[in-house]
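[1] Return atomic coordinates for the entry below.
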Amino acid sequence: MKSIYFKKLFLMLSVSFVLTMIFSATSTYAATLKQPLMEAEPGWTRYDDTTPAIKYLGTGWTAWKATASADKGIHYNDTFHGQIDNKDVSGTVKFQFTGTGVRIIGYANGASGYAFASDVLISVDGVEEHFPMNYTAKQARTLVYEKVGLEEGVHTVELKTIKPVTRGMNVDAVDIQGGELQDIDIPMNLDAKPGNSSVTLNWNSVEAADSYVIRYGTESGKYTETVTATKDEYGNFVIPGLTNGTTYYFVVSAIIDGVESEFSNEASATPQGPVIEPEEPSGNRAILVVTMTTGLEKEYDLSMQEVNSFIDWYEAKQAGSGKASYAIDKHDNNKGPFKSRKDYILFDRVLTFEVSEY
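    Residues are numbered from 1 along each chain as shown. Just a heads-up that it's a prediction; the model follows:
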């Protein structure tokens, strides 16, 4: 009896242990707004606040890094960017990404003397929302904002402090779903459309760009020619003097404060000459070629009405009625000094005939 009891007890404890492990593993990735999210969930990629693609614009920013052993392991990669002094919260955060979702991981703190902003404005593709960062409980690596269900494509995010407390806002990390961060200083979505001995280029503008450099060549990844464009020429920029039928490959970079960015995506196009449409027939006419039994071919340029009359005569004669010959008016063909000329075709001398309508 005791043996059965201990077996049941062991089974219950085993099931309880397995369930505990399952739910523990699940809670590690259970993303809940205003709760800590220590690592990125499956399907998401986490970027540290120090990633160059995350731009901290303006003044008032502090790049905090843990140095004391007691501070290490609290923030993601032991760093965060924050507006530590509420006297200067004019700075903004801006980044771009591809994918369908974005999460802001921050240091939520509402403690007296350390409280972060009670109102942060975030704009995703121009759609604005607000969220706080001054939680009652001090929480690092906290999911302070989430936006999912976005369409595939390039999305732009901007953050700005609206109501600071002791401090402004901060960024510990950014999580991206199904995509990656894109540097806003790199021209994106380069597109090339072919023309006659030319190619027209379009790309997304870079706000901070002073100018652009276009590189191109006839081999992918090998750019032998360079053209400079002004900061306002990011739309419908034409590269002339190209060879029709040759494929060209293009990349664009931005010049910002004298420094050149990385290249955009590569785009290609093959210039083509104008397509000459064949001339439409000027009339309802045809070339009638009659081959005689002797092998001689007679050719006539006739109206379709005349051709149809010839066919009607031939078919009627073949059926046993009609004249033995048919007169074809040669019109202006080899008329010479004569008022008119006609060829008389004998039915029994016709081997075959061909009609080429035009």
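[2] Going by C-alpha atoms from here, please, whenever you check contacts or count neighbours.
    Will do.
[3] what number of residues lie near the residue nearest to residue 164 when sequence neighbours are not counted?
    Excluding its sequence neighbours, the residue lying closest to residue 164 (C-alpha to C-alpha, 6 or more residues apart in numbering) is residue 117, at 4.1 Å. Applying other C-alpha atoms under 10 Å, we find 27 residues neighbouring residue 117.
[4] Wait, residue 117 touches residue 133, no?
    Yes - taking contacts as C-alpha atoms under 8 Å, residue 117 lies within contact range of residue 133: 5.5 Å.
[5] which residues are common contacts for those two?
    residue 169 (C-alpha atoms under 8 Å, 6 or more residues apart in numbering).
[6] Domain parsing of this structure, as residue ranges.
    Taking automatic domain parsing as the reference, the chain has its domains at 30-182, 191-269, 285-357.
[7] what separates the most centrally placed residue in the chain from residue 318, distance-wise?
    With distances taken as C-alpha atoms, centre = their mean, residue 189 lies nearest the centre of the chain, 6.1 Å away. Counting by C-alpha to C-alpha, to the nearest Å, the gap between residue 189 and residue 318 amounts to 71 Å.
[8] Verify the assumption that residue 249 is located in a strand.
    Yes - judged by DSSP: H, G, I helix; E, B strand; the rest coil, residue 249 forms part of a strand.
[9] nearest residue to it other than its sequence neighbours?
    Leaving aside its chain neighbours, residue 249 sits nearest to residue 268 (4.4 Å; criterion: C-alpha to C-alpha, 6+ apart).
[10] Which helix or strand lies directly C-terminal to the least confident helix or strand in the chain by mean pLDDT?
    The helix or strand of the chain with the lowest confidence, counting by mean pLDDT, DSSP states H and E, is helix 2-28 at a mean of 45. Next along the chain after helix 2-28, taking DSSP states H and E as the criterion, comes strand 44-48.
[11] Against which helices or strands is that next one packed?
    Of the remaining helices and strands, those touching strand 44-48 by 3 or more C-alpha pairs under 8 Å, 6 or more residues apart in numbering; DSSP states H and E are strand 173-177.
[12] Hmm, the residue nearest to the centre of the chain is touching residue 265, no?
    Yes - checked against C-alpha under 8 Å, the pair residue 189 and residue 265 is within contact range at 6.8 Å.
[13] which residues does residue 264 contact?
    For residue 264, the residues meeting the contact criterion (C-alpha under 8 Å, 6+ apart) are 186-190, 251-253.
[14] ok, which pair from those residues is furthest apart?
    Put simply, by C-alpha to C-alpha the two of the contacts of residue 264 set farthest apart are 189 and 253, 11.9 Å from each other.
[15] From the rest of the structure, what touches the one helix or strand residue 216 maps to?
    According to DSSP H and E, residue 216 maps onto strand 211-217. Contacts made with strand 211-217 from outside it, assessed by C-alpha under 8 Å, 6+ apart, are listed as 222-232, 234, 248-256.
[16] now stretch 308-320
    Counting contacts by C-alpha under 8 Å, 6+ apart, the residues outside stretch 308-320 that touch it are 322-324, 326, 347.
[17] Among those residues, show me the least confident.
    In terms of pLDDT, residue 322 ranks lowest among the contacts of stretch 308-320, with 81.
[18] Now that residue: closest residue in space, sequence neighbours ignored.
    Counting by C-alpha to C-alpha, 6+ apart, residue 322 lies nearest to residue 316, which is 6.1 Å off, once chain neighbours are set aside.
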